[in-house]
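Novice: structure for the following, please:
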Amino acid sequence: MSEWQNWAGTATAAPADIVRAHSVEQIVDAVRDGRPIKALGSGHSFTSIGAPEDGALALDLREWAGIESVADGLVTVRSGTTLNALNHALDGHGLAMTNMGDIDKQTIAGAVSTGTHGTGARSGGIATQIRALELVTADGRSQRCSATENPELFDAARVGLGALGVITRVTLACEPGYLLRAEEIPLPLNEVLAQFDERSDQHDHVEFYWLVHTGQALLKTNDRLPAGTVPQPLSPIRHWLEYDLLENTGLGLVCRIGKAMPSRIPALNRFLAKMVSPRGYSDVSHRVFVTDRRVKFTESEYAVPREALHQVLTELRLTSEQLSHPVSFPVEVRTAAADDIWLSTAHGRDSAYIAIHQYKGLPYEEWFAAFEKIVGEVGGRPHWGKMHSLDATTLCERYPRFDDFRGIRNTLDPDRRFTNGYLRRVLGD
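Specialist: Residues are numbered from 1 along each chain as shown. The predicted structure is shown next:
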């Protein structure tokens, strides 16, 4: 097969062969082939977590997609289904996911395996919505797990990094479809930070974007509306102006100018800050959660204890002005409630997520290294699908159940059929 590459161009691989599976039986046959194997997701991770080893077997699950069953709010979906396709299918059943991030290109298996999340002080990541999982393990068996059936495997596999087997089905707890009211307001960063805890407790979902090298931020709040409320989405013209022209075409143009003239990036960021205007609208939940992102970038994200957010942001602001190369992309801040999933970044603690970015092709190493040092001082945990340099020695100190996860892995995949270079680093093969 030709070279595999992820969305951001930060990971490549050259698998020896590819199998396109459209049934569990074909997935089992591929695993029983005996070669190292990796299921391909949509390639939206910035790390090489989803990259097959060179010379390994790649398993394409795009044809293993769609909803299999719906009963009492429990939805069983095939693992190759993208979040975009899942949300549109749920619309047809009058259902919705409880929470979402702002990207829906990932497959459901890839999203849960990497710990994908949205925002909300009372909300968990997508993995917290799982009620059962099925996966094919290295011995070719199809195993099911839930809170009552193989519960330790369930605790591990809900954020399993692709290290335990090939996920075939995911059963999610969904709820009746609902509308969200979105308010997006440009504000001084100091004001956003001063009121962030209060707003996080008042609203269902809160996040903000800080334009680096400026004192400005864009605050976004989403709140559920009562059943029967008539949606008031942005008009097609306003949607095109705000999201297509400004947030994609305009941002891409400004980033390209900054790439050609790096010294102008701070001024360009200040220009962008002046272009952002308030907006409010309401729509079906996933249309509010999700934003189309066409400008490519590199990203690192860490979860820190929520009470450490202000300390981290203060240090990050100071550091950003000392870089040898300015930063053209904003910093995103979100929250999540504590959970009990072994390798969830929110395991055992209410968390704030801080994501830093750089436009594709611009130097990011100094910025990312400085960020990693700052969040490391407060026990930050990296998003498994985003750039970081940590290895098993450090990660073992930051996850209380890390060795329990490795024990499950040793039992299920002693010969490391599902490994790759990234997993060798973070799990310590």
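Novice: quick one, helices of the stretch 301-429 of the chain?
Specialist: Assigned helices in the stretch 301-429 of the chain, in chain order: 309-320, 365-376, 392-398, 402-412, 421-427 (criterion: DSSP state H, counting those that start in this stretch).
Novice: now tabulate those in JSON lines and tack on mean pLDDT, mean neighbour count and distance to Asn84.
Specialist: Where C-beta positions appear, they are placed from N, C-alpha and C, glycine not excepted. Output for the helices of the stretch 301-429 of the chain, formatted as JSON lines (pLDDT from 0 to 100; neighbours: other CB atoms under 10 Å; distance: least, CB to CB, whole Å):
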{"stretch": "helix 309-320", "mean pLDDT": "98", "mean neighbour count": "17", "distance to Asn84": "30"}
{"stretch": "helix 365-376", "mean pLDDT": "98", "mean neighbour count": "18", "distance to Asn84": "29"}
{"stretch": "helix 392-398", "mean pLDDT": "98", "mean neighbour count": "14", "distance to Asn84": "31"}
{"stretch": "helix 402-412", "mean pLDDT": "98", "mean neighbour count": "17", "distance to Asn84": "30"}
{"stretch": "helix 421-427", "mean pLDDT": "98", "mean neighbour count": "19", "distance to Asn84": "25"}
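Novice: those helices: which one's closest to Asn6?
Specialist: Judged by CB to CB, the one of the helices of the stretch 301-429 of the chain that comes nearest to Asn6 is helix 421-427, at 11.3 Å.
Novice: how far does stretch 18-32 stretch from one end to the other?
Specialist: 14 Å (CA to CA, to the nearest Å).
Novice: nearest to Tyr281, of the helices of the stretch 301-429 of the chain?
Specialist: Per CB to CB, nearest to Tyr281 of the helices of the stretch 301-429 of the chain: helix 309-320, 27.6 Å.
Novice: can you lay out the helices of the stretch 301-429 of the chain as JSON lines showing distance to Ala346?
Specialist: Putting those into JSON lines (distance: least, CB to CB, whole Å) gives the following:
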{"stretch": "helix 309-320", "distance to Ala346": "14"}
{"stretch": "helix 365-376", "distance to Ala346": "14"}
{"stretch": "helix 392-398", "distance to Ala346": "12"}
{"stretch": "helix 402-412", "distance to Ala346": "15"}
{"stretch": "helix 421-427", "distance to Ala346": "18"}
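Novice: right, and the ones you listed - which one's nearest Arg334?
Specialist: helix 309-320 (10.3 Å).
Novice: ok and the closest one relative to helix 365-376, angle-wise?
Specialist: 150 degrees (axes from the mean of the first three to the mean of the last three CA atoms, to 10 degrees).
Novice: so for stretch 110-122, mean pLDDT?
Specialist: Averaging pLDDT along stretch 110-122 gives 97.
Novice: I meant stretch 230-240, not that one.
Specialist: pLDDT averaged over stretch 230-240 gives 91.
Novice: can you list contacts of that stretch?
Specialist: By CB atoms under 8 Å, 6 or more residues apart in numbering, the residues outside stretch 230-240 that reach it are 179, 242, 279, 281-284, 287.
Novice: so which of these is the most crowded?
Specialist: Counting neighbours by other CB atoms under 10 Å, Leu179 comes out on top of the contacts of stretch 230-240 with 23 neighbours.
Novice: now that one. Nearest residue, chain neighbours left out?
Specialist: Leu225 (4.3 Å; CB to CB, 6 or more residues apart in numbering).
Novice: retrieve the pLDDT associated with that neighbour.
Specialist: Leu225 is assigned a predicted lDDT (pLDDT) of 98.
Novice: dump the residue contacts of it.
Specialist: Per CB under 8 Å, 6+ apart, neighbours of Leu225: 178-181, 282.
Novice: cutoff 7 Å now
Specialist: Leu225 makes contact with 179-181, 282, according to CB atoms under 7 Å, 6 or more residues apart in numbering.
Novice: ok so, going back, which single one of the contacts of stretch 230-240 is nearest to Ser324?
Specialist: Using CB to CB, Glu242 comes nearest to Ser324 of those, at 33.8 Å.
Novice: quick one: contacts for the residue nearest to the closest one when sequence neighbours are not counted?
Specialist: In space, and not counting its chain neighbours, Glu242 is closest to Arg279: 6.1 Å by CB to CB, 6+ apart. Arg279 sits next to 184, 234, 242 when contact means CB under 7 Å, 6+ apart.
Novice: kindly report the same for Arg287.
Specialist: The contact partners of Arg287, by CB under 7 Å, 6+ apart, come to none.
Novice: rerun at 10 Å
Specialist: Arg287 sits next to 87, 91, 179-180, 182, 231, 233-234, 281 when contact means CB atoms under 10 Å, 6 or more residues apart in numbering.
Novice: how many residues are close by the residue nearest to Gly94 when sequence neighbours are not counted?
Specialist: Spatial nearest neighbour of Gly94, chain neighbours left out: Gly177 (5.3 Å); criterion: CB to CB, 6+ apart. When neighbours are defined as other CB under 10 Å, Gly177 has 18 of them.
Novice: please renumber so the chain begins at 861
Specialist: Sure thing, new numbering starts at 861, so read that last one as Gly1037.
Novice: got a list of what Gly1037 touches?
Specialist: Here Gly1037 is in contact with 947, 950-957, 1087, 1144-1146 (criterion: CB under 10 Å, 6+ apart).
Novice: repeat for Pro1048
Specialist: 1054, 1074-1077 are the contacts of Pro1048 under CB under 10 Å, 6+ apart.
Novice: looking at these, which is nearest Gly903?
Specialist: Ala1077 (30.4 Å).
Novice: quick check: that closest one is in a helix.
Specialist: No - counting by DSSP: H, G, I helix; E, B strand; the rest coil, one finds Ala1077 to be strand, located in no helix.
Novice: count the neighbours of it for me.
Specialist: If you count neighbours by other CB under 10 Å, Ala1077 ends up with 25.
Novice: how close does it sit to Glu1044?
Specialist: Going from Ala1077 to Glu1044 by CB to CB, to the nearest Å gives 11 Å.
Novice: between these two, which contacts overlap?
Specialist: 1068-1069, 1136.
Novice: a markdown table please, covering these and showing distance to Arg1194, secondary structure and pLDDT.
Specialist: Below are these laid out as a markdown table (distance: CB to CB, whole Å; DSSP: H, G, I helix; E, B strand; the rest coil; pLDDT from 0 to 100):
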| residue | distance to Arg1194 | secondary structure | pLDDT |
| --- | --- | --- | --- |
| Phe1068 | 9 | strand | 98 |
| Tyr1069 | 10 | strand | 97 |
| Val1136 | 18 | coil | 88 |
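Novice: narrow the residues you listed to those that are buried.
Specialist: Neighbour counting with 16 or more other CB atoms under 10 Å marks 1068-1069, 1136 as buried within these.
Novice: which one of those is nearest to Asp877?
Specialist: Out of these, the member with the shortest distance to Asp877 (by CB to CB) is Tyr1069, at 42.2 Å.
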